[in-house]
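Q: Okay, predicted coordinates and the sequence, questions at the end:
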Amino acid sequence: MSWKKIKPEFFDQPTLELARNLLGKILVKETEEGTAAGKIVETEAYKGPGDRAAHSFGNRRTARTEVMFGPSGFTYTYVMHTHCLVNVVSGGDLNPEAVLIRAVEPVEGLELMRRRRPKARKTVDLTNGPGKLTKALGIVKADYGRPLHEPPLYIAEGRAAEEIKTGPRIGIDNSGEAREYLWRFWEAGNPFVSRFRKGID
DNA sequence: AACGGGATTCTCT
DNA sequence: GAGAATCCCGTTA
């Protein structure tokens, strides 16, 4: 399978639009074990200084958030408990924003994913969560700072989602008013979306 | 140098 | 539904 790499200019759009437009794109990781790729079906936007749920809230600039202060289109990996999460840096130079990839649908390397995720009983469990998809695709903290328009870790062209749903972000209940923002986006009805709520999807 | 909490996942009840 | 696993990072001393 050959994927068409995205143009670097793709990342130069407002973070909320980028979060929507990343749905349907392909996230590809090449390793010595082989290539694994998934269609992005769920994202969350994290907006800079004014977003209490963002690591860059209040312009907090540390070794961890440093890449968010650089240009858009680079990888922000972050370790949560025992898992690695992956973000796309957005917002442009000196504007620390990012889009979290929360779920993908496998499109290449299914067997490789199964080997990497022995605990997944069903196929959907391979990639229906932010910590799961990084394990399945082989994305690790060392990918921090890599450009997302070229191998080994890149975004490729896909097909735009037919219908996009919106809701509050997950797991940020201690973030004050920010937990109300409808900055989570997903492809309607896709079984790989991490969580469903009655009345929303 | 010590402490506390988190953008999660898995297992068991 | 609750609790553990288990670790990096930011804050405080």
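A: Everything's here; your move. Numbering: from 1, shown residues only, chains lettered A, B, ... in the order given.
Q: what about stretch A:118-127, start to end distance?
A: For stretch A:118-127, the separation between the terminal residues is 12 Å (Cα to Cα, to the nearest Å).
Q: so, in contact with DNA strand B or not, that stretch?
A: Yes. Stretch A:118-127 reaches DNA strand B (Cβ under 7 Å from any atom of the strand) through A:119-120, A:125. Where C-beta positions appear, they are placed from N, C-alpha and C, glycine not excepted.
Q: Quick one: buried ones out of the residues you listed?
A: The neighbour-count test (16 or more other Cβ atoms under 10 Å) marks residue A:120 as buried among the residues of stretch A:118-127 next to DNA strand B.
Q: Out of the residues of stretch A:118-127 next to DNA strand B, which is nearest to DNA strand B?
A: residue A:119 (4.3 Å; Cβ to the nearest atom of the strand).
Q: Give me the pLDDT for the closest one.
A: pLDDT for residue A:119: 96.
Q: so how far is residue A:179 from it?
A: Noted for residue A:119: a distance of 29 Å to residue A:179, by Cβ to Cβ, to the nearest Å.
Q: Also residue A:100?
A: To residue A:179, residue A:100 is 15 Å away according to Cβ to Cβ.
Q: between the two, who's got more neighbours?
A: residue A:100 (22 against 15; other Cβ atoms under 10 Å).
Q: The helix or strand that contains the more buried one near DNA strand C anywhere?
A: Under the assignment given by DSSP states H and E, the secondary-structure element containing residue A:100 is strand A:97-108. No. Contact between strand A:97-108 and DNA strand C is absent, the nearest approach being 13.3 Å (criterion: Cβ under 7 Å from any atom of the strand).
Q: tell me how far that strand is from the chain's mean position?
A: Mean C-alpha position of strand A:97-108 versus that of the full chain (Cα atoms, centre = their mean, to the nearest Å) differs by 4 Å.
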